[in-house]
Structures are given as structure tokens and as C-alpha cells.
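Colleague: The sequence and its predicted three-dimensional model are supplied below.
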Amino acid sequence: MSKKANYFLGLVSGLALAVIAWVAFSPINFQLSPAASPRQQATANDGLDTTAVSQKLSHIYRIINHNFIGDFDLETALDVMFAGFVYGAGDPYTVYLSSDAFTSFRENTQGQFVGIGVSIVTDPNDGRILVVSPFEGSPAFEAGVLPGDKIIRVDGVEVFGNERTQEAISMMRGERGTEVTITVLRESEDITLDITITRDIIQVETVRHRVIEDTNIGYLRISQFDRVTYDQFVAAYEDLMSQGIEGLILDVRNNPGGLLDVVNSIADMLVPEGIITFTEDAHGRRVNAYSDARQIEIPLIVLVNGNSASASEILSGAVRDTGVGELLGTTTFGKGLVQNVFPLPCGAAVKVTIARYFTPAGICINGEGIVPTHYVEMPVELTNRLSTLEQEYDIQLLEALNLMEELMNNQ
């Protein structure tokens, strides 16, 4: 599309936003809500003069359609307009999803899709798309994409986060065996790289585990909380326990979050009976998530860092507040919000922040993060290579092993 066409698309979006009234993509705490019925839609207009809006929009469209010398894609313009309307909420996690973007969004939480295999968020400082981590073994991982890289172009087209993140994701998705070139800014080395990647089926292995060599300490890493994660966690946890481990290190560093019900189910296996987390919505209504009496009976350390977000923080907060384990690493990301995804009859959807979540002690960590009991920093170049970092260079893991030995000896 020409520059003039893009200008008019932006103009339509801006006008719609002005008349009718930062979004990060990450695996989020969400659930699907039923599509709004015509009755609900009719009664939800509170203060919105839909007739005046429709007339003004039609008038603008007639002007463009009659006078604009370039090509004008009405469907794209409408999607941009709807995105602009939702953008007016001013919330970094509330976003309009086109039908294609919604399809990609749902695929991303199921543990399998065709793409390059990266977990991303929007950098709040510059609005760029920030790679939290490539999925281990994925095409992006094999091509050399690193945590901390910023994706600034896809096939030569400049991309941004916020309300355009899902569009960028759709551009990186495609048919298996096809190629896509992403341009990344690697600020740690002050370089820009073009990386050509062959798309493939991404089957996300969200859990890895092992017994640390020459110890009785189990190590279990969760990269994100998807639909497949609970079953993977249970299998790994039971395998470690069957090997007679006497302490467990649970690693959620660089874990951007995931599904609320999944993390609650995992936390339920670890923390004692009581509240795991609770949410409060805009009307002050509170919903508690409870754990039963089953809990981990050996020392537990959770590794966290500045890329541990959302669901990772729910788990970390529950472990900290119930006293069932220790946190080690650096302050977490600070996303204490819950989103619901509301499908629309047209196949699109709106993702809306509908509640704040709180740790068992009643603390909302949004914008603050969780400060670990044992603060251990690690250079960014090592943090960016966690998935391939050899144990001898993993400063935080080595400190966790030392702490675990103390905890085991004091039992």
C-alpha cells in the first residue's frame, strides 16, 4: 500500500478515536468470554451515539473513496479504526484483535502453531517488539535469535508493538517451509542483523527437568504457562520425586507468563492450603483461587528475573507469601493484571484488562514486581543465553545450589 494510503488509514483511525472516544503481547492471564449478544451490544452503548458516529464515518469514507488517488483497503481501514478505538483505553494490555490476529493468539496458547518460535512483549520504553526468549529448539532459536533482541522489521516492513503487535505476529506466521526475514536490533552489541528463518511447526516444550549432577537436587524449568504446561509439569515433577530428590529449584526466569488456570493448578501442587491469589475487578468484586492441603515437602527455591512476568509472578508471590520456598534472582517484571478475551460475532476479538491480581498477602505487584529474598544479579549477556547457558556460568543457579545445600542441611 502507498504512503498516502497508509496516511489515510491513520487519518481514519485518528478521526474515529477522536469522535468515539500500549499494548504488549505476551502470553497473558486470560480466559475466553462468550461473544456479545445483540441485546448486550444494544444495552452497552452507554453514552455512545452510534448513529452520529456511523454518519460521520460514512461521510469520511465517501470523501476518501471519491477523491483519494491511491488504493484504499476498506477492511484494513476498519481494523485500524477498531484498534484505534480500543487504544483509547490507554491500557498497555487492552487491544483489538483482527480475525487473523485472534486466530494466531489462540494458536499461541495451545502449544502448537506454525511460525518461527519466539515469545515477545512490547518494550514499554520505545514501543518496540522485544524477544523475551526464543522457544528452545525452534527455528528462531537455531537461527541465533537471542532474548533481548528487538524485532524492528519483518520482510523489510517496519513493525512496532502496542496495538500493532498481533499484526507483526501474523507476518511472522505462515506456511511450514516458507521463509521470513526479521531484522533485529541487538542493543547489547549495538548491531542490527537480518536473520532469515524457515517457518516450521512449533511444538512448545514448556517444561524441562533434570537432577543436578552429583547432588540430590532437582532442577525444573518452566518457559511459559500454556495449555500443555500443566501435564508437562506434573510428569516432570513426579519423575524428579521418584528419583528421591531432597530439594527442588524451580526456574521461571525469562518466563513471560501464561494462563491463569494453568499456573493456579501448578501452584496448588506446591503451596499449602489457603489462597494462591485473588483478583478484584472494576466493581470491587473479589475472586479467590485456593490451594488444597497438598504441598511440596522438600526445600524449594524459585529462580526469577526481570523477564519473569504475569503468571510467573503469581507462582512466585504464592511461594513467597506462604513461606513454602525462597526466591532468588532479581526483581520480577511487575504485571499484576488479568485480561479476558471477548470474541466478536465477526471473528475478531477484544482483549481487555478486567482485574488486578494480588498475592496471598494482599499485595498487587503491578508496576513494582516482586523483590526476591536473595537478590543475585547476572550480566545481561548471560541472562539472554539462559536456555543454552552451561551451569558453570549460571551465577544465579550456582547461588541457588549453595543456598539449597544450606536449606537441606538445616532440615
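Modeller: Received the coordinates, thanks.

Colleague: mind listing the helices for the stretch 301-411 of the chain?
Modeller: 311-322, 380-383, 395-409 (DSSP state H, counting those that start in this stretch).

Colleague: which helices and strands does the shortest one pack with?
Modeller: I take that to be helix 380-383. If you count contacts as 3 or more Cβ pairs under 8 Å, 6 or more residues apart in numbering; DSSP states H and E, helix 380-383 packs onto no helix or strand. Yep, even glycine has a C-beta here, placed from its N, CA and C like the rest.

Colleague: Measure how far it is from the centre of its chain, please.
Modeller: Offset of helix 380-383 from its chain centre (Cα atoms, centre = their mean, to the nearest Å): 20 Å.

Colleague: hmm, who's touching it?
Modeller: For helix 380-383, contacts defined as Cβ atoms under 8 Å, 6 or more residues apart in numbering pick out 147-148, 188, 253-254, 305, 307, 389, 393-395.

Colleague: any idea how far stretch 133-150 is from the chain center?
Modeller: That offset, for stretch 133-150, works out to 16 Å (Cα atoms, centre = their mean).

Colleague: Quote the end-to-end distance of it.
Modeller: Length of stretch 133-150, first residue to last, Cα to Cα, to the nearest Å: 11 Å.

Colleague: Could you list the residues in contact with that stretch?
Modeller: 116-119, 123, 126, 128-132, 182, 184-188, 195-200, 202, 204-205, 208, 223, 254, 256, 307, 380, 383-387.

Colleague: Pull out the buried positions in it.
Modeller: Using 16 or more other Cβ atoms under 10 Å as the test for burial, stretch 133-150 gives 133-136, 138-141, 143, 145-150.

Colleague: what's the most distant pair in those residues?
Modeller: Glu136 and Lys150 (20.4 Å; Cβ to Cβ).

Colleague: re the thing from before, which of the contacts of helix 380-383 count as buried?
Modeller: 147-148, 253-254, 305, 307, 389, 394-395.

Colleague: Would you reformat the residues you listed as JSON lines and include pLDDT and distance to His59?
Modeller: Putting these into JSON lines (pLDDT from 0 to 100; distance: Cβ to Cβ, whole Å) gives the following:
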{"residue": "Pro147", "pLDDT": "86", "distance to His59": "48"}
{"residue": "Gly148", "pLDDT": "88", "distance to His59": "47"}
{"residue": "Arg253", "pLDDT": "96", "distance to His59": "53"}
{"residue": "Asn254", "pLDDT": "91", "distance to His59": "50"}
{"residue": "Asn305", "pLDDT": "97", "distance to His59": "52"}
{"residue": "Asn307", "pLDDT": "92", "distance to His59": "47"}
{"residue": "Leu389", "pLDDT": "85", "distance to His59": "59"}
{"residue": "Asp394", "pLDDT": "97", "distance to His59": "62"}
{"residue": "Ile395", "pLDDT": "97", "distance to His59": "62"}
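
Colleague: Tell me the one of these nearest Gly70?
Modeller: Nearest member of the buried ones among the contacts of helix 380-383 to Gly70, counting by Cβ to Cβ, is Gly148, at 38.3 Å.

Colleague: Tell me if I am right that the closest one is in a strand.
Modeller: No - Gly148 is assigned coil when assessed by DSSP: H, G, I helix; E, B strand; the rest coil, not a strand.

Colleague: what number of residues lie near the nearest residue to Asn255 once chain neighbours are set aside?
Modeller: Nearest non-adjacent residue to Asn255, counting by Cβ to Cβ, 6 or more residues apart in numbering: Ser312, 4.4 Å away. Ser312: 29 surrounding residues under other Cβ atoms under 10 Å.

Colleague: For Thr322, list the residues it contacts.
Modeller: 271-272, 274, 360.

Colleague: Let me have the buried ones among the contacts of helix 380-383 in TSV, extended by distance to Ala52.
Modeller: Converted to TSV, those look like this (distance: Cβ to Cβ, whole Å):
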residue	distance to Ala52
Pro147	48
Gly148	47
Arg253	51
Asn254	48
Asn305	50
Asn307	45
Leu389	59
Asp394	60
Ile395	61
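
Colleague: pretty sure Gly161 is touching Val95, no?
Modeller: No - the pair formed by Gly161 and Val95 falls short of the contact definition of Cβ atoms under 8 Å, at 10.2 Å.

Colleague: The two: which is more packed in?
Modeller: Val95 (28 against 25).

Colleague: what's the pLDDT at the more buried one?
Modeller: For Val95, the pLDDT comes out at 91.
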